[in-house]
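Asks: for reference, the sequence and a predicted model appear below.
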Amino acid sequence: MIRNRAISFLISLSLLTSTLSLLSRAQWQSASNVESFSHNKNQLSVQSGNATLHVNILAEDLIRVRLATNGVFPPDMSWAVVKKEWQAPQVNVTDSQKEIIVATNELSLIINKQPLRLKFTDKAGNIINEDEPTKGMSWNESEVRVWKKMPLDEYYYGFGEKAGRFNRRWTHISMWNSDIPAYDADTDPIYQTHPFFYGVNKGKAYGIFFDNTYWSSFDMGKENRSQYSFGAEAGEINYYFFYGPSPKKILSRYTELVGRMPLPPRWSLGYQQCRWSYPTETRVREIAKGFRDRRIPCDVIYLDIDYMDGYRIFTWNKKNFPNPKKMIDDLTKDGFKIAVIVDPGIKADTTYHAFKSGNAQDVFVKYPDGKPFIGKVWPGECAFPDFTKERARKWWGDNFSTLIESGIRGWWNDMNEPSVFDVPTKTIDLDVIHDDSGLKTGHTKNHNIYGMQMTRATYDGVKRLLPAERPFVLTRASYAGGHRYSSAWTGDNTSTWRDLEMSVPMLLNLSISGQPFVGADIGGFIGYPSGELFARWLQLGVFTPLMRAHSVINEKNKEPWEYGDEFTNINRETINLRYTLLPYIYNVMYQASVTGMPAMRPMMFEYPEDGNFTWNDEQFMFGDDLLIAPVLTPSTTERNVRLPEGFWYDYWTGQKYKGGNDIKVDAPLNRIPVFVKAGAIIPTQQVVQSTNQSPIDPLTFTVYPTKLQSTRTYYEDDGISFEYEKGKYFRRTISQWNSSQAITLTLSKVEGSYTPPGRMLAV
Ligand code: MIG
């Protein structure tokens, strides 16, 4: 049943973009009247017809809602949630004929009894969010759906990686990880699933995380202008309701629930160069030399699928890479790290070691009758590891040993939606069985977490084999919480101005969905950018945590020096800017790993009360202190910027502006407009050719004066190991005190036991 529905959905997806009419499909029924309820500490159990509702109050601002339509809850498991034990807050429950009220110090849930409908209010009784009265929580056979009222001036953000604009009101969104090259603004779904969103109404925000891995959809007022809804083709109504009112508070809670990004190695924040492919050792060495000869900094070079022997993962093409270890040793000495692509498909070739050991250890997915699933990808016919099985993840991880011994340090996980060429649904057949941690369920349940579990196997495996270093993993597909294992890029974009522009809202929504380590292929993957487009894209790339240029196969060269001398110079300056700002960028990523606040922040997210940013996705904050206004259109030498309240300094000229205004700024070809918030203390270093060039001398702190005083924290560690977890870091706060005569700086005591390399400090 489910299978047919999912297939027909996928086919309709590829044929038309209009939305399915959810109500007309069949026999929906909604929750009926409340008959009884019981209450135990922070859990409420409500009976309504055959359905049972569980309400769990996890924190003052976090309530979990779970409905078993037939009264029987399946095992409570989640791939996303890591925090399962919560310190129950003080909860007051009051019962009346009409309703049950569950109240914490910040939030109340009002359960209407006839019929069962939910309403969330703040402490003062203002409605934050409520079920749509006629439908509320509903189901139809295996399908489940929640309908909510949609207030006139409420706007929606998040949903992870979605093409199109930032504000998602009036859009229909679905979640089914899909490999769709050259997607455009209307293409949906694409590679990742993050069923998490914010509703923001006059600066006040709530969040909803619908933790259901089946094919799901979110209709944010496209079908009906006064309602929105979310649901899935199967599985549970299982959502977490967060109350802010600030979006930052919600993201902090959300990342407490699903975990935060581990601190990445510093080198992964350098410039990264990729293409499909640098196919031989000679070409890889030539590229490396190309950077060093031209004094263009670079930290990472990628090997795409052609480094392998017939696309067999964990092997080398011996003809084109006769001595990988020697090549990588030499490049490592020259300051490069080498990253390789790994795809999930294991060539079904009985002479291939990974296929043999995989079969011996029973790690591949199979049909219910025990027949292995075989699908075509790059190597031809392939078996697919079942990453939902612990043994398979261990097997996968162990296979990295030879690549690690060769010196490979970056792990690019591609094709992990998973994408399969010769199956009508373009993925693993839907009735194939996954282990699902012992639950043994079909692909429909496991599809959306396949890529995430692949990155988990990769991250854990590499960390096991190389415990002294932080793994760097990059992925195309993922699910909520996947940032615990991997950074993410936005797949196969095109070399157009439209895609440059669209990358900003995509990366912003992904960032506020818990994934801070993101980037788009600089220059565009498919097609050939003009020198101008490449230069502008690279400038934006300075302010995307993952700064990686890439290109499709059979396209002209796109390295930063391929567009003539004028552009080579501009591109060098741009990459130099990235390296100058690395201490700041590293601090921003450190903050993300500790608090969950991403590097790239929508203006709305940082300034929710400022009504000017509801739709704004053409500028953004990078960390707490930099406002970035990238140039996203051709032949442009100036642009508008909306400055929030307060004072701002032009990064380039030092000119001071009063905020709360639109300003027009110069944006010559060689420069991206950047503004610094008054009060900032920005750490920078001199330009290096790669991050392993040290010491970073001098380390400069630029103080941006503000009224009275401000404080910032500076963090540093060895940039590579996990020693910081044991206290080996250097952290210090710096404060500026302003009077009419002078600015006084004070430094706090040093925290942590790490001693940075000797260097000059400059202010
Ligand atoms: O079917 O490995 O998105 O970055 O270069 C294409 C070749 C497979 C898709 C990735 C792209 C990569 C390409 N891959």
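Replies: Sure thing, it's come through.
Asks: can you pull the phi and psi angles for Lys664?
Replies: Main-chain torsions, Lys664, degrees, to the nearest 10: phi -110, psi 130.
Asks: surely it touches Arg642?
Replies: No: with contacts counted by C-beta atoms under 8 Å, Lys664 stays clear of Arg642, the gap being 11.1 Å. No exception for glycine: its C-beta is placed from N, CA and C like everyone else's.
Asks: neighbour count: those two, which is higher?
Replies: Neighbour tally, Lys664 and Arg642, criterion other C-beta atoms under 10 Å: the higher count belongs to Arg642, 19 against 9.
Asks: per-residue pLDDT of that one, please?
Replies: Arg642 carries a pLDDT value of 98.
Asks: so who does it touch?
Replies: Counting by C-beta atoms under 8 Å, 6 or more residues apart in numbering, Arg642 makes contact with Met603, Asn612, Phe613, Asn616, Gln619, Asn661, Asp662.
Asks: which among these count as buried?
Replies: The neighbour-count test (16 or more other C-beta atoms under 10 Å) marks Met603, Phe613, Asn616, Gln619 as buried among those.
Asks: residues of the stretch 501-650 of the chain that sit close to the ligand?
Replies: For the stretch 501-650 of the chain, the residues in contact with the ligand (C-beta under 6 Å from any ligand atom) are Phe525, His550.
Asks: ranges for the strands of the stretch 501-650 of the chain?
Replies: Here the stretch 501-650 of the chain has its strands, by DSSP state E, counting those that start in this stretch, at 518-519, 547-549, 600-602, 620-622, 626-628, 638-643, 647-650.
Asks: same check, this time on the stretch 1-150 of the chain
Replies: Along the stretch 1-150 of the chain, the stretches classed as strands by DSSP E, counting those that start in this stretch are 29-30, 36-40, 43-48, 51-59, 62-68, 92-95, 99-103, 107-112, 117-122, 127-130, 137-140, 143-149.
Asks: how many neighbours does the closest residue to Leu116 other than its chain neighbours have?
Replies: Closest residue to Leu116 apart from its sequence neighbours, by C-beta to C-beta, 6 or more residues apart in numbering: Ala31 at 4.0 Å. Per other C-beta under 10 Å, the neighbour tally for Ala31 reads 25.
Asks: looks like Ala31 contacts Leu118 (just checking).
Replies: No: Ala31 is beyond contact range of Leu118, at 9.2 Å (criterion: C-beta under 8 Å).
Asks: residues shared between the contacts of these two?
Replies: In contact with both Ala31 and Leu118: Gly136, Met137, using C-beta under 8 Å, 6+ apart.
Asks: hmm, back to that, closest to Thr746 out of the strands of the stretch 1-150 of the chain?
Replies: The closest of those to Thr746 is strand 51-59. By C-beta to C-beta, the value is 35.7 Å.
Asks: what's the average pLDDT for the closest one?
Replies: So the average pLDDT for strand 51-59 ends up being 98.
Asks: contacts for stretch 221-230?
Replies: Under C-beta under 8 Å, 6+ apart, the answer for stretch 221-230 is 19, 21-22, 132, 135, 145-150, 156, 169-172, 195, 208, 210, 216-220, 239.
Asks: just list whatever residues bridge to Tyr271.
Replies: According to DSSP bridges, the partner residues bridging Tyr271 are Met547.
Asks: what about the most centrally placed residue in the chain, distance to Ser690?
Replies: The chain has Gln515 as the residue nearest its centroid, 2.9 Å off, counting by C-alpha atoms, centre = their mean. Distance of Gln515 to Ser690, given as C-beta to C-beta, to the nearest Å: 26 Å.
Asks: can you give me the helices for the stretch 151-300 of the chain?
Replies: Remark: helices assigned in the stretch 151-300 of the chain by DSSP state H, counting those that start in this stretch are 247-258, 281-293.
Asks: any idea which of those helices gets closest to the ligand?
Replies: helix 281-293 (15.3 Å; C-beta to the nearest ligand atom).
Asks: in the sheet, which strands lie alongside the next helix or strand along the chain from that closest one, parallel or antiparallel?
Replies: Next in sequence after helix 281-293, counting helices and strands by DSSP states H and E, comes strand 300-303. As defined by DSSP bridges, the strand partners of strand 300-303 come to strand 271-273 (parallel), strand 337-342 (parallel).
Asks: contact residues of the stretch 201-350 of the chain facing the ligand?
Replies: Near the ligand, when you scan the stretch 201-350 of the chain using C-beta under 6 Å from any ligand atom, you find Trp276, Asp304, Ile305, Ile341.
Asks: doesn't Ser551 make contact with the first one?
Replies: I take that to be Trp276. Yes: here Trp276 reaches Ser551: they are 6.5 Å apart, a contact under C-beta under 8 Å.
Asks: thinking again about what came up before, nearest to Glu106, of the contacts of Arg642?
Replies: Phe613 (24.8 Å).
Asks: since we're on the closest residue to the ligand within the stretch 551-700 of the chain, how many residues are nearby?
Replies: At 6.6 Å from the ligand, Val552 is the closest residue in the stretch 551-700 of the chain, using C-beta to the nearest ligand atom. Using other C-beta under 10 Å as the criterion, Val552 is surrounded by 20 other residues.
Asks: now it: phi and psi?
Replies: phi -70, psi 170.
Asks: now Phe472
Replies: phi -110, psi 110.
Asks: neighbours around it, how many?
Replies: By other C-beta under 10 Å, 24 other residues sit near Phe472.
Asks: okay but it is in contact with Leu269, surely?
Replies: No: here Phe472 lies out of contact with Leu269, judged by C-beta under 8 Å, at a distance of 9.8 Å.
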